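Student: generate coordinates for the sequence data below:
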Amino acid sequence: MASGKTRRGYIWTFRTDDIVLYVASAGRSGETPVAVLGETKGVLLVDGYTGYNQVTTPQRRDRAGCWSHARRKFVEAHDTEPELASEIVALIAELYAVESRMRKAGKLGSAEHQALRQTESAAVMTRIKVWLETNQDNCLPKGPLGKAIGYARNQWSHLQLCCNDATIPLDNNLSENALRAVAIGRKNWMFAGNDMAAQRYAVLLSLLTMAVANGLNPEQWLKTTLMALDDARMSSLDELLPLAAATTEAAAAPNDST
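Tutor: Residues are numbered from 1 along each chain as shown. Predicted structure coming up:
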């Protein structure tokens, strides 16, 4: 927020199951993913945004596609092509049915889950691919359904990566959900004030959201941490972070089996 005008800023989110990081940035270029992920390797689950290209190279991370983003585009095309859009949405639902079964059984990421991904999920993806190829010429390329098909086909190699590894979720909804706090804040207080304020906001939001992700009461964690800072050494500050605090709390909890 500047005198007589404002300018747009951005909050990025990077997360695993137990680590949540928000980063404030003045732009949407690939500089932020590079600064955060650097030379790290592994899998990055994202949508089709090209800003991630610099960190999803053969030398860096494998890029997994988000089925939720792909599905959303077909849902948006339902008003113009209800029959065809319903067909592909139903096919994508079959992928999520496999995940639902494994979640209810408590076997997400297991060998059994991997076997189902390579058989049932892979078979569904083959049907989806055939559907995309068959119907691409049946709709206007620049119409809602044509754009949805084009997006899915362009992202196909990334969308099917999850069949090779059951630990890769079908979508990045976990990260998308983490951004809801930013959207709510944007409505309530609208402005960060300045770049430094935005960075401080991102740091505080990272800590509190990570506390929740690790099963901590964020208010209690913040109170305990602020009180502990007076006696803490610089070399031991990492021990106060939510991930470490959750590990310590779990170790100190009574064991029901004893």
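
Student: ok, and what's touching stretch 81-98?
Tutor: For stretch 81-98, the external contacting residues (Cβ atoms under 8 Å, 6 or more residues apart in numbering) are 67, 70-71, 74-75, 77-78, 116-117, 120-121, 124-125, 127-128, 131-132, 135, 138-139, 143-145, 148, 170. Placement of C-beta: from N, CA and C, glycine included.

Student: and the residues you listed, which are buried?
Tutor: Buried subset of those (neighbour count, 16 or more other Cβ atoms under 10 Å): 67, 70-71, 74, 77-78, 116-117, 121, 124-125, 128, 131-132, 135, 139, 144-145, 148, 170.

Student: quick one: which of the residues you listed sit in helices?
Tutor: 67, 70-71, 74, 116, 124-125, 128, 131-132, 135, 144-145, 148 (DSSP state H).

Student: low-confidence regions, the stretch 1-150 of the chain specifically.
Tutor: Counting by pLDDT under 70, the stretch 1-150 of the chain contains low-confidence ranges at 1-2.

Student: mind giving me the domain split of the chain?
Tutor: Each domain of the chain is listed here as a residue range: 65-170, 182-249, per automatic domain parsing.

Student: can you give me how far the longest one is from the chain middle?
Tutor: What it means is domain 65-170. When C-alpha coordinates are averaged (Cα atoms, centre = their mean, to the nearest Å), domain 65-170 and its chain have centres 17 Å apart.

Student: give the buried residues for the helix or strand encompassing residue 221.
Tutor: Element membership for residue 221, per DSSP states H and E: helix 218-228. Judged by neighbour count using 16+ other Cβ under 10 Å, the buried positions of helix 218-228 are 221-222, 225.

Student: next one: stretch 164-179
Tutor: Of the residues in stretch 164-179, those buried under the neighbour-count criterion (16+ other Cβ under 10 Å) are 166, 168-172, 175, 178.

Student: mind saving the C-alpha coords of that stretch as CSV?
Tutor: Included here for stretch 164-179 are C-alpha records, laid out as CSV according to Å, rounded to 0.1, in the frame of the first residue of the first chain:
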residue,chain,number,x,y,z
ASN,A,164,4.3,-44.9,-10.6
ASP,A,165,4.2,-43.8,-6.9
ALA,A,166,1.3,-44.3,-4.5
THR,A,167,2.8,-41.6,-2.2
ILE,A,168,2.0,-38.9,-4.8
PRO,A,169,-1.6,-37.5,-4.2
LEU,A,170,-3.9,-37.1,-7.1
ASP,A,171,-4.1,-33.4,-6.5
ASN,A,172,-2.6,-30.5,-4.6
ASN,A,173,-5.8,-29.7,-2.7
LEU,A,174,-3.8,-29.8,0.6
SER,A,175,-1.8,-26.8,-0.6
GLU,A,176,-4.9,-25.1,-2.1
ASN,A,177,-6.7,-25.5,1.3
ALA,A,178,-3.7,-23.8,3.0
LEU,A,179,-4.2,-20.8,0.8
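
Student: quick one, which of the domains of the chain is packed in tightest?
Tutor: Across the domains of the chain, averaging neighbours per residue (mean count of other Cβ atoms under 10 Å) puts domain 65-170 on top, at a mean of 16.

Student: will you turn the domains of the chain into a markdown table that also has distance to residue 41?
Tutor: As requested, these are exported to a markdown table (distance: least, Cβ to Cβ, whole Å):
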| stretch | distance to residue 41 |
| --- | --- |
| domain 65-170 | 14 |
| domain 182-249 | 21 |
